[in-house]
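Engineer: Okay, predicted coordinates and the sequence, questions at the end:
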Amino acid sequence: MLIGAAVAALLIGPVSDASSIIIWEIRLPRVLMALLVGAGLATAGAVFQGTLRNPLADPFMLGTSSAAAAGVMIAGVIHVGGYSTLYALALSFALFSIVLVYRIAQINGRAPIQTMILAGVIVSLFFNAAVFLFFSLYFRESFGTLFYLLGTLTEADPTLIAISGVLIVAGLGVSWYFAPDLDILTQGEETAGHLGVDVERVKKILFVAASCAVAGAVAVSGMIGFVGLIVPHMLRLIVGPNHRTLIPAAALGGALFLIVADTLARTAAAPLEIPVGALTALIGSPYFVYLLRRRQRFGQF
């Protein structure tokens with residue numbers, strides 16, 4: 001299904017008689033970027049939901065996505081170092097948001113999950129405000145920056161794709177490696193501790209891995225919402241809650257979802273293009289309400 005969606009994305013577009021240049025130099029990099037970004041956001045969502053044992057957790061809840069976007073905005077302001085500065089700031093701010101959430105929530109060396117969620121909401125609101133402050137001061141007349149804030153895959157630069165790919169694959173690999181510990185964490189921190197899991201250490205590793213994936217995604221695509229929220233839910237209903245299976249399934253599902261969404265975004269109102277982040281929100285909001293009602297009906301939520 002993923003391969004079929006990718007092939008369709010290469011062939012479908014406002015230019016019906018697409019030449020090889022359009023397919024290989026414009027559409028293919030964009031499909032690859034959608035694949036990586038979708039996989040990274042969905043993997044991060046699955047990790048955050050499992051670690052926090054909260055079905056509403058996603059890269060936006062802990063401020064990771066908005067913090068990485070703030071780092072990208074600062075890189076655009078200082079114009080120093082090129083790609084290295086862009087990714088250094090995106091990753092640094094994403095990790096800083098997690099550290100900040102952890103420090104705010106920490107009590108006697110431990111960070112209770114409920115407190116972390118509240119701290120995450122506060123940090124997310126702060127970095128969202130910072131992002132739009134930077135936009136108002138430095139990028140107000142930039143249409144490209146506005147598209148970035150709404151979420152877009154138009155800047156399919158091969159170098160950016162490669163660097164983001166390394167971060168996303170690394171985050172996915174580490175998350176998958178610690179999947180057995182994550183399964184135990186979902187049973188509760190006290191139970192996990194009794195079963196020999198170093199709870200705080202595993203939580204920190206998983207948060208860093210998920211933050212790497214989010215930073216890699218946000219650096220190239222902006223703040224695309226709902227992929228990390230609804231895709232893990234959809235796949236959990238299909239493959240079950242075991243994270244050894246769920247994490248790779250969520251990565252593939254996120255890639256498929258974003259490739260399809262991006263294809264719709266650039267063709268539905270052609271020759272105009274809809275920001276893919278706006279489209280994922282329009283699709284994701286009602287579908288998440290459906291999932292919420294369905295799980296409530298069966299006592300799972």
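Structural biologist: Perfect, thanks for sending it. Bear in mind that the values here come from a model prediction, so they are computed numbers and not experimental data.
Engineer: CA only for contacts and neighbour counts going forward, please
Structural biologist: Fine.
Engineer: what separates the most centrally placed residue in the chain from D58, distance-wise?
Structural biologist: Nearest to the geometric centre of the chain sits L41, at 2.4 Å (Cα atoms, centre = their mean). Applying Cα to Cα, to the nearest Å, the value for L41 to D58 is 8 Å.
Engineer: hey, what's in contact with both of these two?
Structural biologist: Shared contacts of L41 and D58 (Cα atoms under 8 Å, 6 or more residues apart in numbering): G228.
Engineer: Which strands and helices lie in contact with the host helix or strand of the residue nearest to the centre of the chain?
Structural biologist: Mapping L41 onto the secondary structure by DSSP states H and E places it in helix 28-52. With contacts taken as 3 or more Cα pairs under 8 Å, 6 or more residues apart in numbering; DSSP states H and E, helix 28-52 sits against helix 2-11, helix 158-177, helix 179-185, helix 199-221, helix 227-239, helix 243-267.
Engineer: per-stretch mean pLDDT over these, give me the minimum one.
Structural biologist: Lowest mean pLDDT within the helices and strands packed on helix 28-52: helix 2-11, a mean of 84.
Engineer: List the contacts of I247.
Structural biologist: Taking Cα under 8 Å, 6+ apart, we find I247 in contact with 43, 46-47, 172, 175-176, 179.
Engineer: same check, this time on I161
Structural biologist: Contact analysis of I161 by Cα under 8 Å, 6+ apart lists 29, 32-33, 220.
Engineer: Kindly list the main-chain dihedrals of the closest residue to I230 other than its chain neighbours?
Structural biologist: In space, and not counting its chain neighbours, I230 is closest to F288: 6.1 Å by Cα to Cα, 6 or more residues apart in numbering. When read as degrees, to the nearest 10, the backbone of F288 gives phi -70, psi -40.
Engineer: Show me which residues of stretch 94-111 are buried.
Structural biologist: If you call a residue buried by 16 or more other Cα atoms under 10 Å, then stretch 94-111 has these buried ones: 94-98, 100-102, 104-106, 111.
Engineer: Any chance of TSV for those, columns pLDDT and distance to D157?
Structural biologist: Converted to TSV, those look like this (pLDDT from 0 to 100; distance: Cα to Cα, whole Å):
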residue	pLDDT	distance to D157
A94	93	22
L95	92	24
F96	93	26
S97	92	27
I98	88	28
L100	91	32
V101	88	32
Y102	84	34
I104	88	37
A105	84	38
Q106	81	40
A111	71	39
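Engineer: closest to T145 among these?
Structural biologist: The nearest member of the buried residues of stretch 94-111 to T145, counting by Cα to Cα, is A94 at 19.2 Å.
Engineer: in which helix or strand would I find that closest one?
Structural biologist: helix 83-105.
Engineer: Contacts made by that helix with the rest, please.
Structural biologist: With Cα under 8 Å, 6+ apart as the test, helix 83-105 has contacts from 62-65, 67-72, 74-76, 111-112, 115-116, 119-120, 123, 160, 207-208, 211-212, 214-216, 218-219.
Engineer: Pull the contacting residues for F48.
Structural biologist: F48 makes contacts with 54, 57-59, 207, 210, as judged by Cα under 8 Å, 6+ apart.
Engineer: May I see the PyMOL selection of the buried members of these?
Structural biologist: Buried residues within the contacts of F48, by 16+ other Cα under 10 Å, are selected in PyMOL with:
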select buried, resi 57+58+59+207+210
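Engineer: any idea of the mean pLDDT for the very next helix or strand once past the helix holding L41?
Structural biologist: Proceeding N to C from helix 28-52, the next assigned helix or strand is helix 64-78, under DSSP H and E. In this model, helix 64-78 has a mean pLDDT of 91.
Engineer: Could you check the angle the helix holding A94 makes with helix 199-221?
Structural biologist: Counting by axes from the mean of the first three to the mean of the last three Cα atoms, to 10 degrees, helix 83-105 lies at 140 degrees to helix 199-221.
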